[in-house]
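**Student:** no sequence on hand, only this structure:
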């Protein structure tokens, strides 16, 4: 089982901070590309600010995308790995969460958004290897928790699976403190 | 087992066998190209014919606002000329006449989530596009789509594209009859049809039920059908006026009538005959003149009609021409629930505005079509899933995409409208203003298209935002106008048929390149896109909103009673409208207003350096090249079967590969090679072996013998060594076929 498509979302502290001005992040992402400081191969910026509850503004990359995501009615920063991940699932989760927190910290350093560190959403968009079911949660919870422990300063994390089985497997992760 | 293999195994029994086989073939071609076993040009056309397009920056270069930089993708063979393997691309998914079931939409949404960016983009030809996709994911994505009856075949490339149709077909108040089954039949008949594999350019068909509405926009299509009925001997008889040679782009052409009232049983053979004439006489080398419109213009419609009539006479009968007529009733939709009238009952906040613009009363009393207006044609995977639930609840399978980049739900019971509105609102899909000035159409433009010059989506998004804020204050005459935006002159945004159209270009201002849009006014949407707008001048991109305001003001203040925008612009004329537009041509110097030098939705200094060679025309690759490439893929499958120990399959595939290669050569002399292997081998022997055309300078006819031997002796899989030998000889046979083709081409050019 080679799970690649793992994403992590960290939520904005102030849910109204973005409002209808998500386009303010277009120059931010272009600047990130220009800086050459991001990991992987960033390619371009895609503006989906017009789509309600959509991916907002995306920084498309070869291995991973980053986004100011507007989904769930809760804006946040999202890092979505797509390919070339290596190591165990725990390693991969830790890498994805690490990149998410790094991106959030970067936005905070630029004074653009603040993020809460006690809740994350991990999604695995891979219906073949990880259908959205309790069985998948049972099978993957250990590795996900292990990955989380590598980046969280607190003890055991809480994983709550999101229900609709047609959606990709996703867990809400609580009881943690990341990147503080 | 790889994920791709696991998906294949899981879906094997759910895919129609023909689709499954095509995808296997494409997968084999992918692997061959990775081993550089197929020429990149041939592979590019193969890829396009499977619906997989290139995207901006796939040559590995991008201007980041400061300078052009290399995008350091992992090393790999190219997937086409100057097109890197690992660069993201787009897949176009064919939705014939826009008809998609909730289940199909859900599977597309899943694919968008797993292989793309979780956005589905509805195109101006009722397709769905997914962007930022990796080519390696193509076969699995295609299998998942095929498992619900969807294909991407010939969605791009030089073939028959999606067959579009009026989204109101079957429920329209003014149609002659429901064109849906006819559009479906033509789609199935022409998909992969041998007579449509040698076109010099793409070929777009469309169906309309009405002559005077916009309907299927027949007049701007390569091939179009307008439904008509006649009383003949006291019976109502169905037929179509058939039009050919329409098209947009730099040289827009209105289609011409090629057949008046072709009977319903005659439209498929007529389309086939038109395809044959186009394949035989259409331009192949200069792709700028290769659309059928140029052929029709060159020959004149009378001569074109004569050739088509002649071709039609010679067509061997095909039962599919009329078989589908027995299934017309299968396409009849029925309501999910009985309806009771709304009787002026109110709805939640915003309902009245939405009802005023997004609801169309069907001819079936008590039922309506509700339009889900999508901003710039975009919808998220999550919204699609929730919309599928809404559709199942209220209308069942009666869902269609539209050429205005929206989705319609048909057969909504009137009394359900308030509840439907509330549920759509809950998922962000109850935007009012469908079909009005705020419902702007735009092609992908510089966001993802290699040909884009200016940001069509950026401009459309900005205009939408500004106009939506004041849409209920706008004069009714202005509110009904249509705006359409293309990123370049190719007109994928259909700017020619808008009241106010724009297409992207660029101008140098004081030595600095500034994004501009050419303004095109007075195009006609009704009458099946009955006339095209006139270009009146280019304006800096950032000043376009001012132009729209000025045009609207002028129309309101100077319009004669009852005058349409087309009539108004025609009365004012190009000179006066040019003067109006010209007053917005200036931009302040960069030192004062840098923003004017940056495109909408972007923050980088404007540059044209990211433009690339478009793939919408496809590669100009000969048919024999394509078929020999297909033969190689079949040979590759033979090798795989051998590796898996399946000797009978390996033997059969190797023989099939040689037959495909032989057929490719025979076709260079005989337009329609026989399908029967005995006849085909005989033709090959007489035309290429006996004449020594196939002979290598040194090996003479040696490489042809394995074909003859296998044909005469039958299957050779008793011993593995026999099959191994057959596969090796198959490769040599195909190589020799390539060499033969090259020699023949050389002889031809020498003769010229």
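**Tutor:** Thanks, I have the structure now. Note that this is a predicted model, so its numbers are computed, not measured. Numbers count the residues shown, from 1 in each chain, chains lettered A, B, ... in the order given.

**Student:** let me see the domain layout of chain B.
**Tutor:** As assigned by automatic domain parsing, chain B contains the domains B:3-146, B:172-331, B:351-426, B:441-597, B:623-751.

**Student:** dump these into JSON lines; add distance to chain A, mean neighbour count and mean pLDDT as well.
**Tutor:** Every residue, glycine included, has its C-beta placed from N, CA and C. Output for the domains of chain B, formatted as JSON lines (distance: least, Cβ to the nearest Cβ, whole Å; neighbours: other Cβ atoms under 10 Å in any protein chain shown; pLDDT from 0 to 100):
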{"stretch": "domain B:3-146", "distance to chain A": "5", "mean neighbour count": "21", "mean pLDDT": "95"}
{"stretch": "domain B:172-331", "distance to chain A": "24", "mean neighbour count": "19", "mean pLDDT": "96"}
{"stretch": "domain B:351-426", "distance to chain A": "4", "mean neighbour count": "21", "mean pLDDT": "97"}
{"stretch": "domain B:441-597", "distance to chain A": "5", "mean neighbour count": "20", "mean pLDDT": "92"}
{"stretch": "domain B:623-751", "distance to chain A": "21", "mean neighbour count": "18", "mean pLDDT": "87"}
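
**Student:** list the buried residues of stretch A:23-42.
**Tutor:** Within stretch A:23-42, the residues scored as buried using 16 or more other Cβ atoms under 10 Å in any protein chain shown are A:23, A:25-34, A:38, A:41-42.

**Student:** closest one to residue B:741 out of those, please.
**Tutor:** Nearest to residue B:741, judged by Cβ to Cβ, of the buried residues of stretch A:23-42 is residue A:41 at 39.7 Å.

**Student:** and the helices in chain A?
**Tutor:** Counting by DSSP state H, residue ranges of the helices within chain A are A:25-35, A:89-109, A:134-149.

**Student:** what average pLDDT does the second one get?
**Tutor:** Mean pLDDT, helix A:89-109: 96.

**Student:** on that earlier part again, go back to the buried residues of stretch A:23-42 and keep what's next to chain B.
**Tutor:** Contacts with chain B are made by A:23, A:26, A:27, A:30, A:33, A:34, A:41 out of the buried residues of stretch A:23-42, judged by Cβ under 8 Å from any Cβ of the partner chain.

**Student:** measure the residue in chain A sticking out farthest from the centre to residue B:653 for me?
**Tutor:** Among the C-alpha atoms of chain A, the one most distant from their mean position (Cα atoms, centre = their mean) is that of residue A:135, at 22.8 Å. Going from residue A:135 to residue B:653 by Cβ to Cβ, to the nearest Å gives 39 Å.

**Student:** can you check residue B:371 too?
**Tutor:** Residue B:371 is 49 Å from residue B:653, by Cβ to Cβ.

**Student:** and if you look at residue B:311?
**Tutor:** Distance of residue B:311 to residue B:653, computed by Cβ to Cβ: 34 Å.

**Student:** now residue B:419
**Tutor:** Counting by Cβ to Cβ, the gap from residue B:419 to residue B:653 is 56 Å.

**Student:** what do you get for residue B:532?
**Tutor:** 50 Å.

**Student:** can you check residue A:171 too?
**Tutor:** Applying Cβ to Cβ to residue A:171 and residue B:653 gives a distance of 46 Å.

**Student:** for residue B:324, same thing?
**Tutor:** Counting by Cβ to Cβ, the gap from residue B:324 to residue B:653 is 32 Å.

**Student:** ditto for residue B:150
**Tutor:** For residue B:150 relative to residue B:653 (Cβ to Cβ), the value is 27 Å.

**Student:** so who does residue 28 touch?
**Tutor:** The chain I'm using is chain A. Applying Cβ atoms under 8 Å, 6 or more residues apart in numbering or on different chains, we find residue A:28 in contact with A:107, A:110, A:112.

**Student:** try again with chain B
**Tutor:** Residues in contact with residue B:28, defined by Cβ under 8 Å, 6+ apart, are B:633, B:634, B:636, B:637, B:640.

**Student:** could you rerun that using 6 Å?
**Tutor:** B:633, B:636, B:637 (Cβ atoms under 6 Å, 6 or more residues apart in numbering or on different chains).

**Student:** ok, now residue B:351?
**Tutor:** Contacts for residue B:351 were tallied using Cβ under 6 Å, 6+ apart; they are B:418, B:421.
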